[in-house]
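In: Task: produce atomic coordinates for the following.
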Amino acid sequence: MDIYLVGGAVRDQLLGLPVKERDWVVVGATPQQLVDQGFKPVGNDFPVFLHPDTREEYALARTERKSGHGYGGFVFHTDTDVTLEDDLIRRDLTINAMARTPGGEIIDPFNGKRDLKARILRHVSPAFAEDPLRVLRVARFAARYHWMGFRVADTTLELMGDIVMSGEMTHLAAERVWKETSRALMERSPQVFFQVLHECGALAELFPEVANLDGIPQSPDHQPALDVLSHQWRCLAQAARLKLPLTSRYALLCHDFGKAETPPDGWPEHRGHERRGMHVAKTMSQRLRVPKEMTDAAMTMARWQSRVQRVLKLRPPEVWELLHNLDVLRRPRRLKFLVDACEADARVCSADYKTPYVQGAFLLGLSEAVRDVDVAGLREAGLTGPALGRALDDKRIKRIKEYKKEFLEKWQPPSL
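Out: Numbering: from 1, shown residues only. Now for the predicted structure:
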């Protein structure tokens, strides 16, 4: 048997990037031969094995034949007569269709090295069109390597458009779409993922809530020269600069959905878009089967973003109403995700990426201050039920007033 390092490990080595995981292809072997050497079989679709020591994946060289719709609609063939080139030609991009021998020789039958040098993401063969998941994968690679100057080849983008037109995208399982999307959101240029999907028509198919923002005018105080979708791209780019967690990035993706629901005669103010956006964010999250915490963060961001941005102009009772609605006493993580997302949005809207985000610092500190309000003393005074609740609210509102004065004396941001 012959064993080759393949795929992303070879690509990233040639780019001079850290290799996070290594995959191997085994040519000329049977499953039993690998089992006899201590490899552990995994997976159901085709023979993949875990190395007994490194736990890295070793797959038998294989070919595939389209047998149905979607990502899983393939029949795989593995045998000792399947060659390395037979295996590589089934891969998505030329830069992922290279192999390295144990001696260090690069085997590159489809000119992946050439495309690496030219910074091109190009499909290997027409078989690319058989797997709709590759539309998402190419968009994700574009997001990952955009900073290095990579772009999708025109012919590949056309082929991606053909896949969309064929209706194959509708056969992708929600879990697969979300898996690729969540990974793309954490790439260095997450906005590029959605931009590429928009170029080939897949954005409207998979994320109509995002696509509907195209051409919607911004509010006068939010970079009116841009439409809402362009603003969205900048927000995602800023989220990457701030190294925000996935939950905050997803919340930011959903934060302006309600503006697409504004009737044209209400442009460009978008009054009441927060409540509308909350429901749209919930709809998309449920369709994609987004995890519960991220769904909640998206709805929270859509609903309360405007209040967060104006929090220093609110009266203490209004601030407490906001904190109470956010359930900060029991769910402090929720506030942190919201503040992170609001910071990215605020930095884009101010066109100053370096200005300290005063609203976030104020809210995070304030949440600790109101949490420390003494309850025991009120109970000792004999207060119970609604009377205790009202007294607690009064004490927290008083603490908000005190904390705001203390905070502003120390902070004194130029805009106040």
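
In: Pull out the buried residues from the strand or helix carrying Gln191.
Out: Using DSSP states H and E, Gln191 maps to helix 190-200. Residues of helix 190-200 classed as buried: 190-198, 200 (neighbour count, 16 or more other C-beta atoms under 10 Å). Bear in mind the C-beta positions are built from the backbone N, C-alpha and C, glycine included.

In: and the residues you listed as CSV, adding distance to Arg347 and pLDDT?
Out: Output for the buried residues of helix 190-200, formatted as CSV (distance: C-beta to C-beta, whole Å; pLDDT from 0 to 100):
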residue, distance to Arg347, pLDDT
Pro190, 16, 98
Gln191, 14, 98
Val192, 19, 98
Phe193, 21, 98
Phe194, 19, 98
Gln195, 20, 98
Val196, 24, 98
Leu197, 25, 98
His198, 23, 98
Cys200, 30, 97
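
In: from those residues, which single one is nearest Ile163?
Out: Proximity of the buried residues of helix 190-200 to Ile163 (C-beta to C-beta) peaks at Cys200, which lies at 7.9 Å.

In: what about the spatially closest residue to that closest one that is not a sequence neighbour, how many neighbours?
Out: Distance criterion C-beta to C-beta, 6 or more residues apart in numbering; nearest residue to Cys200, sequence neighbours excluded, is Met160 at 4.0 Å. Counted with other C-beta atoms under 10 Å, the neighbours of Met160 add up to 27.

In: How far away from the center of its chain is the host helix or strand of Met160?
Out: Assigned by DSSP H and E, Met160 belongs to helix 154-166. Helix 154-166 sits 23 Å away from the centroid of its parent chain (C-alpha atoms, centre = their mean, to the nearest Å).

In: Quote the end-to-end distance of stretch 39-49.
Out: 6 Å (C-alpha to C-alpha, to the nearest Å).

In: meant to ask about stretch 37-50
Out: For stretch 37-50, the end-to-end distance is 11 Å (C-alpha to C-alpha).

In: Low-confidence stretches in the stretch 1-150 of the chain?
Out: Along the stretch 1-150 of the chain, the parts satisfying pLDDT under 70 run over 44-46, 64-76.

In: Show me where it has its strands.
Out: In the stretch 1-150 of the chain, the segments counted as strands under DSSP state E, counting those that start in this stretch are 2-6, 23-27, 40-42, 48-50, 57-60, 62-66, 74-78, 99-100, 106-107, 120-121.

In: okay if I get these as CSV plus distance to Ser182 and mean neighbour count?
Out: Listed next are those as CSV, based on distance: least, C-beta to C-beta, whole Å; neighbours: other C-beta atoms under 10 Å:
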stretch, distance to Ser182, mean neighbour count
strand 2-6, 25, 19
strand 23-27, 21, 20
strand 40-42, 22, 12
strand 48-50, 23, 20
strand 57-60, 21, 20
strand 62-66, 26, 16
strand 74-78, 24, 16
strand 99-100, 29, 22
strand 106-107, 32, 15
strand 120-121, 20, 22
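
In: Can you redo the ones you listed as CSV, where the extra columns are distance to Val164?
Out: Formatted as CSV, those follow (distance: least, C-beta to C-beta, whole Å):
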stretch, distance to Val164
strand 2-6, 29
strand 23-27, 28
strand 40-42, 32
strand 48-50, 30
strand 57-60, 29
strand 62-66, 17
strand 74-78, 20
strand 99-100, 31
strand 106-107, 33
strand 120-121, 17
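
In: do you know which of these lies nearest His270?
Out: strand 120-121 (36.1 Å).

In: Now do that closest one: distance to the chain's middle.
Out: 22 Å.

In: Show me what it is packed against.
Out: Under the contact criterion of 3 or more C-beta pairs under 8 Å, 6 or more residues apart in numbering; DSSP states H and E, strand 120-121 touches helix 133-145, strand 151-152.

In: buried residues in whichever strand or helix holds Arg390?
Out: Arg390 belongs to helix 385-411 when assigned by DSSP H and E. By neighbour count on 16+ other C-beta under 10 Å, the buried set for helix 385-411 is 391-392, 395-397, 399-400, 403-404, 407.

In: Then stretch 326-335?
Out: 326, 328, 334-335.

In: Tell me which two in those residues are the farthest apart.
Out: Farthest pair in these (C-beta to C-beta) is Val328 and Arg334. Separation: 7.3 Å.

In: who's in contact with the helix or strand that contains Glu209?
Out: Using DSSP H and E, Glu209 sits within helix 208-211. For helix 208-211, the external contacting residues (C-beta atoms under 8 Å, 6 or more residues apart in numbering) are 194, 198, 203-204, 229, 232, 253-254, 257, 260, 280-281, 283-284.

In: Drop anything exposed from those.
Out: By 16+ other C-beta under 10 Å, those give 194, 198, 203, 229, 232, 253-254, 257, 260, 280-281, 284 as buried.

In: Redo those as JSON lines? Include distance to Val6 and secondary structure.
Out: Putting these into JSON lines (distance: C-beta to C-beta, whole Å; DSSP: H, G, I helix; E, B strand; the rest coil) gives the following:
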{"residue": "Phe194", "distance to Val6": "29", "secondary structure": "helix"}
{"residue": "His198", "distance to Val6": "31", "secondary structure": "helix"}
{"residue": "Leu203", "distance to Val6": "31", "secondary structure": "helix"}
{"residue": "Leu229", "distance to Val6": "38", "secondary structure": "helix"}
{"residue": "Gln232", "distance to Val6": "36", "secondary structure": "helix"}
{"residue": "Leu253", "distance to Val6": "33", "secondary structure": "helix"}
{"residue": "Cys254", "distance to Val6": "37", "secondary structure": "coil"}
{"residue": "Phe257", "distance to Val6": "40", "secondary structure": "helix"}
{"residue": "Ala260", "distance to Val6": "43", "secondary structure": "helix"}
{"residue": "Val280", "distance to Val6": "42", "secondary structure": "helix"}
{"residue": "Ala281", "distance to Val6": "39", "secondary structure": "helix"}
{"residue": "Met284", "distance to Val6": "36", "secondary structure": "helix"}
